[in-house]
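Asks: got a structure for you, letters missing:
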């Protein structure tokens, strides 16, 4: 029996003073910045065009003016809409997009980093079930272990929102050394895409490790 989560005020939690780095397969994933100051891109449109072009070229396509207009620009627009939507939602600190080929639907995953509160089990209960108020199936909890973060949990369920039926998975770890609770989330309305991404996400989380926070001027 886990401790009572209601005894701990997770709703007013603090962001960890530390950070996280991720080693990932760049053929499958790419980062989605909150803001673009200090990056190689001037804005969301430039970032989106860069990655759609990258995926198009990786697929062996010939980047003609026609292909740029017909294929790249519309798909870059989809990425801009995704980035803008996430920017207004918040709730996490790092975002990555699963998009191994330019023509597939991009799927966003998030990483949230919080200063530890309560016991490990209280944190696992809270973060593992985060968002499950709209679940229509009982959340299924499994253990998952990584070399960098140790033993954590993976919690999956199906739910219903105004937009339709969705699939959700949360991964949670506690890193005592860096006083950090880590929550990785994927929420997706397209079940086939969710199932496609899930094995890659299982591999992706293996590359997450806690670090000290980089200096703001770095």
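Replies: Alright, I've got the coordinates. Source: prediction; values computed, not measured. Residues are numbered from 1 along each chain as shown.
Asks: Scan the helices and strands of this protein for the one with the lowest mean pLDDT.
Replies: helix 65-67 (a mean of 84; mean pLDDT, DSSP states H and E).
Asks: Just list what the following helix or strand past that one packs against, helices and strands only.
Replies: Once the chain leaves helix 65-67, the next helix or strand it forms, by DSSP states H and E, is helix 73-89. Packing partners of helix 73-89 (3 or more Cβ pairs under 8 Å, 6 or more residues apart in numbering; DSSP states H and E): helix 44-58, strand 94-98, strand 107-115. The C-beta positions use only the backbone N, C-alpha and C, and glycine is treated the same way.
Asks: least reliable of the ones you listed going by mean pLDDT?
Replies: Comparing mean pLDDT over the helices and strands packed on helix 73-89, the weakest stretch is helix 44-58, at a mean of 92.
Asks: What residues of that one count as buried?
Replies: Using 16 or more other Cβ atoms under 10 Å as the test for burial, helix 44-58 gives 44-45, 47-49, 51-53, 55-56.
Asks: Excluding its own residues, what touches stretch 191-201? List them.
Replies: Counting contacts by Cβ atoms under 8 Å, 6 or more residues apart in numbering, the residues outside stretch 191-201 that touch it are 25, 28-29, 98, 100, 104-105, 107, 109, 165, 167, 169, 171, 184, 186, 188.
Asks: Just the buried positions in it, please.
Replies: Those buried within stretch 191-201 under the rule 16+ other Cβ under 10 Å are 193-194, 196-198, 200-201.
Asks: Please produce a markdown table containing those, extended by distance to residue 67.
Replies: As requested, those are exported to a markdown table (distance: Cβ to Cβ, whole Å):
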| residue | distance to residue 67 |
| --- | --- |
| 193 | 24 |
| 194 | 29 |
| 196 | 25 |
| 197 | 26 |
| 198 | 31 |
| 200 | 26 |
| 201 | 30 |
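Asks: Buried residues, stretch 169-176. List them.
Replies: Buried residues in stretch 169-176, counted by 16+ other Cβ under 10 Å: 169-175.
Asks: how about those in CSV, adding distance to residue 115, pLDDT and secondary structure?
Replies: Shown next, in CSV, are the buried residues of stretch 169-176 (distance: Cβ to Cβ, whole Å; pLDDT from 0 to 100; DSSP: H, G, I helix; E, B strand; the rest coil):
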residue, distance to residue 115, pLDDT, secondary structure
169, 24, 98, strand
170, 18, 98, strand
171, 18, 98, strand
172, 15, 98, strand
173, 14, 98, strand
174, 11, 98, strand
175, 11, 96, strand
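Asks: re earlier: using a markdown table, lay out the buried residues of helix 44-58 together with distance to residue 207.
Replies: Formatted as a markdown table, the entries for those read as follows, by distance: Cβ to Cβ, whole Å:
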| residue | distance to residue 207 |
| --- | --- |
| 44 | 25 |
| 45 | 29 |
| 47 | 22 |
| 48 | 24 |
| 49 | 26 |
| 51 | 19 |
| 52 | 24 |
| 53 | 25 |
| 55 | 20 |
| 56 | 25 |
